[in-house]
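Peer 1: model this:
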Amino acid sequence: MSGRRYDQVVVWNFSRPFLREKLKLSLSGRYSFDPVSHYLKPKLEYRVNAHLRISLFLELYGGEKASLFGTFKHNDQAGLEFKVTF
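Peer 2: Reported below is the predicted structural model:
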């Protein structure tokens, strides 16, 4: 073997519309097995009209201290996002 290291990772993005597609709930994330680390992003998006969408989301990090997302595990975030299209 050449000494290459391969990561074993699961990545996902699930979403579900509600209220005649005006409201969308989604969950995206990534889980790495060695070293163990994870990232989760739950998001709630509301379509106000054809040109404006408002979203609330969380970004949650965790895992072993030496892992990619484990180094951010005390840096979880929440956000409010406005998208305007023309």
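
Peer 1: How about residue 71: what's its closest non-neighbour residue?
Peer 2: Ranked by C-beta to C-beta, 6 or more residues apart in numbering and with sequence neighbours excluded, the top spatial neighbour of residue 71 is residue 65, at 7.2 Å. All C-beta atoms are positioned from the backbone trio N, CA, C, and that covers glycine.

Peer 1: tell me the pLDDT at that neighbour?
Peer 2: Residue 65 carries a pLDDT value of 83.

Peer 1: And for it, the neighbour number?
Peer 2: Neighbour count for residue 65, taken as other C-beta atoms under 10 Å: 9.

Peer 1: cool, residue 53 as well?
Peer 2: Other residues close to residue 53 by other C-beta under 10 Å number 17.

Peer 1: Please report the distance of the residue nearest to residue 71 from residue 35.
Peer 2: 9 Å (C-beta to C-beta, to the nearest Å).

Peer 1: Can I get stretch 63-82 in PDB? Just the C-alpha atoms.
Peer 2: Presented in PDB, the C-alpha positions along stretch 63-82 are these (Å, rounded to 0.1, in the frame of the first residue of the first chain):
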ATOM      1  CA  GLY A  63     -16.600  14.600  17.900                       C
ATOM      2  CA  GLU A  64     -13.200  13.600  19.100                       C
ATOM      3  CA  LYS A  65     -10.900  16.400  20.000                       C
ATOM      4  CA  ALA A  66      -8.400  15.700  17.200                       C
ATOM      5  CA  SER A  67     -11.100  15.400  14.500                       C
ATOM      6  CA  LEU A  68     -12.200  18.000  11.900                       C
ATOM      7  CA  PHE A  69     -15.500  19.000  13.600                       C
ATOM      8  CA  GLY A  70     -14.400  18.000  17.100                       C
ATOM      9  CA  THR A  71     -12.100  21.100  17.100                       C
ATOM     10  CA  PHE A  72     -15.200  23.200  16.700                       C
ATOM     11  CA  LYS A  73     -17.400  21.400  19.300                       C
ATOM     12  CA  HIS A  74     -17.700  24.500  21.500                       C
ATOM     13  CA  ASN A  75     -18.600  26.800  18.500                       C
ATOM     14  CA  ASP A  76     -22.200  25.800  17.700                       C
ATOM     15  CA  GLN A  77     -24.100  28.500  15.900                       C
ATOM     16  CA  ALA A  78     -27.600  29.700  15.300                       C
ATOM     17  CA  GLY A  79     -28.500  32.000  12.400                       C
ATOM     18  CA  LEU A  80     -31.300  33.900  10.700                       C
ATOM     19  CA  GLU A  81     -31.100  34.200   6.900                       C
ATOM     20  CA  PHE A  82     -32.900  36.400   4.500                       C
END
